[in-house]
Every structure is written in structure tokens, then in C-alpha cells.
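Engineer: What follows is a predicted protein model with its sequence.
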Amino acid sequence: MYIIFGCGATGNAVVDALNKAGKDILIIDKDENALSPWREKHLNVMVSDMESFDLDSRYCENSNMFAILTGDSSGNLSLAKKIKKKMPIVIYDKKFWKDVINFSRLSKKGMIDEKEEKLLYFAETVEDAFEYVKSNLEKHYLNIEESLFNIKKKK
């Protein structure tokens, strides 16, 4: 199962691609209205926020991929910290986010741990983000039978 957290433009694009490939998907968002189009297509949806989502739930036991695709950076980090396996954390648009949030200062002030700051990868392009995620997943999960990178449409 592919678990997608967030129904913004990026989340919806990923869900659409996985759905077209015939994959089993669980879409999670705190906004029930954002989930409506997917519910109407009879896909698995769940209303939940990042703080209360249970990573030990039955949905996560056999998941192939867990993607956090929301615009809530502190919530994203909070959920990512709950994940027990090593996962890449990509922040897209380095210039924008470095201007909006001073991660180094947050670390120096003790608001985030230095180790947490080192988990972040700032990508400048979609291709850069994709390659970083792909290489990390390949590095840490080589034995995965099926991955997002080799999905094929069902015939």
C-alpha cells in the first residue's frame, strides 16, 4: 500500500499517478473536503492530522511508500520524526524556505535538534528532489519488490 499524506497539488498528482498504475493507496488529509474527489473514485481515504496519525496502525504495517506532501513544514517534521525507518526529508525550493525559516538559528536556539536539521535536504529542482529520494530509498531499501520508480500501468 502507498500512503500519501496531503491532498495539495503535489499529493494529488502522486495519487493520480499511483491510481492510474492500479496501486493500492491510502490518502490522508486533515481536510475532509480535499479527500472528497478521491472518495468518489472509491479510493481509501482517512481524515487525520499529522499529530494524531498512528504510524503503528494496520495501514502502515505493509506499506511500500509513505509520502508526506503537505505545506505544513513543522507538522511534516513532526510526523517524519515518528518514522522509525531512515527516510529522506526533502524541502523543495531552498531559497524560499531558507528565507522563510532560519533552520540554523532554530537549531542554535534548541527549537530543533542538530540531528533533525541534518535530516533535511534542500532541493532546487523537481529532478534534484526525485533523484535524492530515489537514491536514498535505493540505498536503504534495496530489497523492496515494488517501488514508485518502476510502476507500470495495469493492462
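Structural biologist: Looks like it came in fine. Only a predicted model underlies this, so the values are computations on that prediction, with no experimental measurement involved. Residues are numbered from 1 along each chain as shown.
Engineer: Which secondary structure elements does the helix or strand where A13 lies sit against?
Structural biologist: Using DSSP states H and E, A13 sits in helix 9-20. Applying 3 or more Cβ pairs under 8 Å, 6 or more residues apart in numbering; DSSP states H and E, one finds that helix 9-20 makes contact with strand 2-5, strand 25-29. To be clear about C-beta, it is placed using only N, CA and C from the backbone, and glycine gets the same treatment.
Engineer: Just the C-alpha atoms of the first one, please, in PDB.
Structural biologist: Spelled out, it's strand 2-5. Extracted in PDB, the C-alpha atoms of strand 2-5 (Å, rounded to 0.1, in the frame of the first residue of the first chain):
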ATOM      1  CA  TYR A   2       1.100   3.500  -0.800                       C
ATOM      2  CA  ILE A   3       0.300   6.000   1.900                       C
ATOM      3  CA  ILE A   4       0.100   9.700   0.800                       C
ATOM      4  CA  PHE A   5      -0.300  12.400   3.400                       C
END
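Engineer: Quick check, I101 in contact with I91.
Structural biologist: No - counting by Cβ atoms under 8 Å, I101 sits too far from I91 to count as a contact (9.1 Å).
Engineer: Mutual contacts of these two, please.
Structural biologist: S73 (Cβ atoms under 8 Å, 6 or more residues apart in numbering).
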